[in-house]
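In: Let's see this in three dimensions:
(chains A and B)
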Amino acid sequence: MPIRPAAFLLTAVLLLAGCANPSTGSDADDPTAPVTLKFWHGWSEKKDVKAIDESIARFEKLHPNIRVKSTGNVTDATVNQALRAGGGDAPDVASSFTTNNVGQYCSSGMWVDLDPFMRKTGLDKKAVFPKTLLDYTSYEGRQCALPLLADAFGMYYNVDAFEQAGISGPPRTMSEFKRAAVKLTDRAGDGSYRRVGFMPNFRLYENAPDRLFAQWGPTYFDGDGKSRLARGTAAKEFFTFQRDLITALGGYGPLENFRTTVGDEMSSRNAFLTGKLAMHLDGEWRVGMLDDAKPGFRWATAPLPVPDDQAGTYGRGYLTGTVAGIAHSSKHQNAAWELVRFLTADTDQVVAFANAIHNVPSTKAALASPKLHRDPAFTTFLDIAGNRHSVGMPASVNGGQYIVTLTDFAYDAEAGRVRDLDKGLRALDRQIDDDTLQAQD
Amino acid sequence: MAPLHPAPELRRKHRRARLRTLAFLSPWLVGFSVFFAYPLLATVYFSFMHYNQIQAPTFVGLRNWKYVLGQMPLFGPALWNTLWLVVVMVALRVVFGLGIGLLVTRIKSGVGFFRTAFYLPYLAPPVAATVAFVFLLNPGTGPVNEILSTIGISAPNWFNDPAWAKPSLVLLSLWGIGDLMVIFMAALLDVPKEQYEAAELDGAGAWSKFRYVTWPSITPIVMFAVVTGVVQTMQYYTQALVAGKLASGVSVGPGSVIQPGYPDHSTLTVPQLVYSLGFQNFNTGAACVLSLVLFAIAMAVTSLLMRKSAGLQTAED
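Out: Numbering: from 1, shown residues only, chains lettered A, B, ... in the order given. Predicted structure coming up:
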């Protein structure tokens, strides 16, 4: 190719490559002017969609100048791609069912910093939201999201099975937990499981490793943002305990085979619902589902046990939740803030929505509200959410990549493929740091 | 003696001829530039940039290349799995497709039924077919293992066993062999009957007829099947992703991301990694590096096969 056309082509490519940035929005709009906001959320169940639609109706009544066009069943992948692609159809307000991507949303500027809006409208975030929830909705001091209800994880247990096994109450420490799990496990003559005391394998339902690991109170990153899983004792103790529990319950292979026989998590064939699990790790939403399903046994809830040497932290659990933020491309950011503020910080709204979809409210006032439904099973999760030792996942520049890497390592560890745990954890730290560095400018 | 500079009229004539040629070529030129040259050059450009698809790209030198080739542990398994599938799946599909093609051209009765029966699975959407296979081959609840166990055969864990996951994907691809069956059937029916008759007169048996009559006639079609099979398998994505995700049984919320490749990265292919890096982690630079590596391998393998194909045809000619 002659030099001139080649140079022209290369210049065109570079120009086109550099102009891929989407449009930027504006925070100079008048929130009292008539406007229609686009709101994307992840709820898809009929009951949940009804609850969010009712919430929007309450908002529109308070703000007659603002109409909200909501779109449900939207995943983070869609939000991520839509906001990066830009364009007029992108949402003004988006919510995410996970806290994993907050770091990505904040560091990339995809969701705008909400602190200026809070200052403008006099909202004191530290007075309104619990600290753990504020931590998991910010990244490096940039509060680009706010919690829109929370999820707390604890233990569901089969009271009938406990009584049959002669166990008086839920275990509080990991050694009690292991003894109970072994005692509650019932195997047939051919080695198959009629019931498993507690399913330790990470691929079952909500058993992702970070959930149970929260009971050890891990610190994922040091002050410089470097992964420090190999430096503390928590990770080693956690993976050792999990392997011991697997061995005590019959081994990884048989338990994996058992896992392939159980029904879907959200179906009526859920393993806890059908009595195949005596103890089960799950979120607070299962309370409402069990109430509706009416299983043929008595059940109750409790916090998950803690390591024996951390008995004083009993009551803690893993916290996560839905988060909401304003898209950087929104031309109506002040109006969008009114919607975010209403959904996340208005006490009556938060309580009504939490009651409707059986989630944990995400503001201090809503947690203390007398209007909040408090049956004993659900109160367990409210207490976990309020426990000062409860753990949320820290935000990272590459979203949940470090959790994916940890999960991959955990799959190897549970299958017995990590021969030297110390060496494996050091390699895990290196990998997380490499991935983090790769995501930074 | 001809003039050093052509007359203006001649130059105009030449220019008009060139413009006419360009006008006829322009649809192809536009398509080639927009859908091939630009994406390829942009991929090379982004492989040296840090770009999260929202902020302006910044130059990072060879960082993305170092990351993919030296710091990303999944690159090795993904490349191995892709090459394994290219070798095993393509070879078995060609052999099986040819076998089925021979069968449906030889049978005397029920031709229409068998041709339809072998072709129909190819029409099943890949996701639906994969879901059905994962259900059928579920080691705990699937009917296949139940039947095998009743006749005393200890069945494997199929998609749940790292050693069996790729062979299970191959089984799935063999089930949908309809595309190759049709191509081979057409090629086989195209072989002149007189050549078979002449071979029979010379006392050739079934194998000799296949070796000396059928094979030389269908070699270009076999090479076509191999080359297109290699290119398609290099891009193998949907079935591996769906099978891995379904078989893992892992529940993920709408916001969560799981690493593809269950079990133990045995179904992870390079295209899955490209998507995961590019559109889940928005690590565009690394995704572009992977794409370029895949492109280079595909080009190398295809060139080799094309040269081999040309050699074969020349030898036969």
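In: can you give me how far the helix or strand where residue B:288 lies is from the chain middle?
Out: Per DSSP states H and E, residue B:288 falls inside helix B:284-316. Remark: helix B:284-316 is offset 12 Å from the chain centroid, using Cα atoms, centre = their mean, to the nearest Å.
In: buried set for it?
Out: Neighbour-count burial for helix B:284-316 flags B:284-294, B:297-298, B:301-302, B:305, B:309 (criterion: 16 or more other Cβ atoms under 10 Å in any protein chain shown). Where C-beta positions appear, they are placed from N, C-alpha and C, glycine not excepted.
In: all helices of the stretch 1-150 of chain A, in order?
Out: Remark: helices assigned in the stretch 1-150 of chain A by DSSP state H, counting those that start in this stretch are A:3-18, A:46-62, A:76-85, A:102-108, A:115-121, A:125-128, A:131-135.
In: what's the answer for the stretch 151-300 of chain A, then?
Out: Applying DSSP H, counting those that start in this stretch to the stretch 151-300 of chain A gives helices spanning A:159-164, A:174-184, A:209-213, A:234-248, A:252-259, A:285-293.
In: Give me whichever of those helices is most buried.
Out: The highest average neighbour count among the helices of the stretch 151-300 of chain A, using mean count of other Cβ atoms under 10 Å in any protein chain shown, belongs to helix A:209-213 at a mean of 22.
In: Let me see the mean pLDDT of it.
Out: For helix A:209-213, mean pLDDT is 96.
In: now do stretch A:425-441
Out: Throughout stretch A:425-441, pLDDT has a mean value of 93.
In: Please see if it touches chain B.
Out: Yes. Against chain B, stretch A:425-441 shows contacts by Cβ under 8 Å from any Cβ of the partner chain at A:431, A:434, A:438, A:439, A:440, A:441.
In: Pull the distance from that stretch to the chain's centre.
Out: Taking the mean of its C-alpha atoms, stretch A:425-441 sits 22 Å from the chain's own mean (Cα atoms, centre = their mean).
In: Next, the buried residues of it.
Out: Of the residues in stretch A:425-441, A:425, A:428, A:429, A:431, A:432, A:433, A:434, A:435, A:436, A:438, A:439 count as buried by neighbour count, 16+ other Cβ under 10 Å.
In: Stretch A:59-67 too?
Out: A:59, A:63, A:66.
In: Any chance of those in JSON lines with pLDDT as columns?
Out: Output for the buried residues of stretch A:59-67, formatted as JSON lines (pLDDT from 0 to 100):
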{"residue": "A:59", "pLDDT": "97"}
{"residue": "A:63", "pLDDT": "97"}
{"residue": "A:66", "pLDDT": "97"}
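In: quick check, nearest of those to chain B?
Out: Nearest to chain B among the buried residues of stretch A:59-67 is residue A:59, at 22.6 Å by Cβ to the nearest Cβ.
In: Report the spatially nearest residue to the closest one, omitting neighbours in sequence.
Out: residue A:342 (4.8 Å; Cβ to Cβ, 6 or more residues apart in numbering or on different chains).
In: Name the next helix or strand following the one helix or strand that neighbour maps to along the chain.
Out: Using DSSP H and E, residue A:342 maps to helix A:333-345. Downstream of helix A:333-345, the first helix or strand assigned by DSSP H and E is helix A:347-357.
In: what's the helix or strand just after that following helix packed up against?
Out: Counting by DSSP H and E, the element after helix A:347-357 in chain order, helix or strand, is helix A:364-367. With contacts taken as 3 or more Cβ pairs under 8 Å, 6 or more residues apart in numbering or on different chains; DSSP states H and E, helix A:364-367 sits against helix A:125-128, helix A:347-357, helix A:376-386.
In: and the next helix-or-strand element following the last one, which strands flank it?
Out: Right, the one you point to is helix A:376-386. Under the assignment DSSP H and E, the closest C-terminal helix or strand after helix A:376-386 is strand A:391-392. Strand pairing for strand A:391-392, using DSSP bridges, gives strand A:318-326 (parallel).
In: circling back to that earlier point, who wins for proximity to residue B:85 among the helices of the stretch 151-300 of chain A?
Out: Ranking the helices of the stretch 151-300 of chain A by proximity to residue B:85 (Cβ to Cβ) places helix A:252-259 first, at 24.4 Å.
In: pLDDT (mean, whole number) over that closest one?
Out: Rounded mean pLDDT across helix A:252-259 is 93.
In: how about it, does it reach chain B?
Out: Yes. Residues of helix A:252-259 are located near chain B by Cβ under 8 Å from any Cβ, namely A:256, A:257, A:258, A:259.
In: can you list the residues of the stretch 1-150 of chain B near chain A?
Out: Residues of the stretch 1-150 of chain B lying near chain A (Cβ under 8 Å from any Cβ): B:33, B:37-38, B:41-42, B:45-46, B:50, B:52-58, B:63-64, B:67, B:71-73, B:138-141.
In: Could you list which of the residues you listed belong to strands?
Out: Assigned to strands by DSSP state E, the following of the residues of the stretch 1-150 of chain B next to chain A qualify: B:50, B:58.
In: Helices along the stretch 1-150 of chain B, start to end?
Out: Assigned by DSSP H, counting those that start in this stretch, the stretch 1-150 of chain B shows helices spanning B:8-32, B:38-46, B:63-66, B:75-84, B:90-106, B:111-123, B:126-136, B:143-150.
In: Let's have the ones you listed in CSV, adding mean neighbour count.
Out: Listed next are these as CSV, based on neighbours: other Cβ atoms under 10 Å in any protein chain shown:
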stretch, mean neighbour count
helix B:8-32, 10
helix B:38-46, 17
helix B:63-66, 19
helix B:75-84, 19
helix B:90-106, 18
helix B:111-123, 14
helix B:126-136, 17
helix B:143-150, 13
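In: can I get these in JSON lines with distance to residue A:386?
Out: JSON lines is the format used below for the helices of the stretch 1-150 of chain B (distance: least, Cβ to Cβ, whole Å):
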{"stretch": "helix B:8-32", "distance to residue A:386": "62"}
{"stretch": "helix B:38-46", "distance to residue A:386": "47"}
{"stretch": "helix B:63-66", "distance to residue A:386": "44"}
{"stretch": "helix B:75-84", "distance to residue A:386": "44"}
{"stretch": "helix B:90-106", "distance to residue A:386": "59"}
{"stretch": "helix B:111-123", "distance to residue A:386": "56"}
{"stretch": "helix B:126-136", "distance to residue A:386": "42"}
{"stretch": "helix B:143-150", "distance to residue A:386": "48"}
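In: Turn the ones you listed into CSV, including mean pLDDT.
Out: Shown next, in CSV, are the helices of the stretch 1-150 of chain B (pLDDT from 0 to 100):
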stretch, mean pLDDT
helix B:8-32, 92
helix B:38-46, 96
helix B:63-66, 96
helix B:75-84, 96
helix B:90-106, 96
helix B:111-123, 94
helix B:126-136, 95
helix B:143-150, 92
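In: any idea which helix or strand of chain A has the worst average confidence?
Out: helix A:3-18 (a mean of 51; mean pLDDT, DSSP states H and E).
In: circling back: for the helices of the stretch 151-300 of chain A, which one sits closest to residue A:102?
Out: helix A:209-213 (14.7 Å).
In: Now the closest residue to chain B within the stretch 301-441 of chain A. Nearest residue, chain neighbours left out?
Out: Relative to chain B, the nearest point of the stretch 301-441 of chain A is residue A:434 (4.4 Å; Cβ to the nearest Cβ). Spatial nearest neighbour of residue A:434, excluding adjacent residues (Cβ to Cβ, 6+ apart): residue B:71 at 4.4 Å.
In: got a pLDDT number for the one you found?
Out: The pLDDT attached to residue B:71 in the predicted structure is 93.
In: For it, give me its contacts.
Out: The neighbours of residue B:71, taking Cβ atoms under 8 Å, 6 or more residues apart in numbering or on different chains as the test, are A:431, A:434, A:438.
In: Kindly report the same for residue B:114.
Out: So residue B:114 contacts B:103, B:104, B:107 (Cβ under 8 Å, 6+ apart).
In: Alright, I will stop here.
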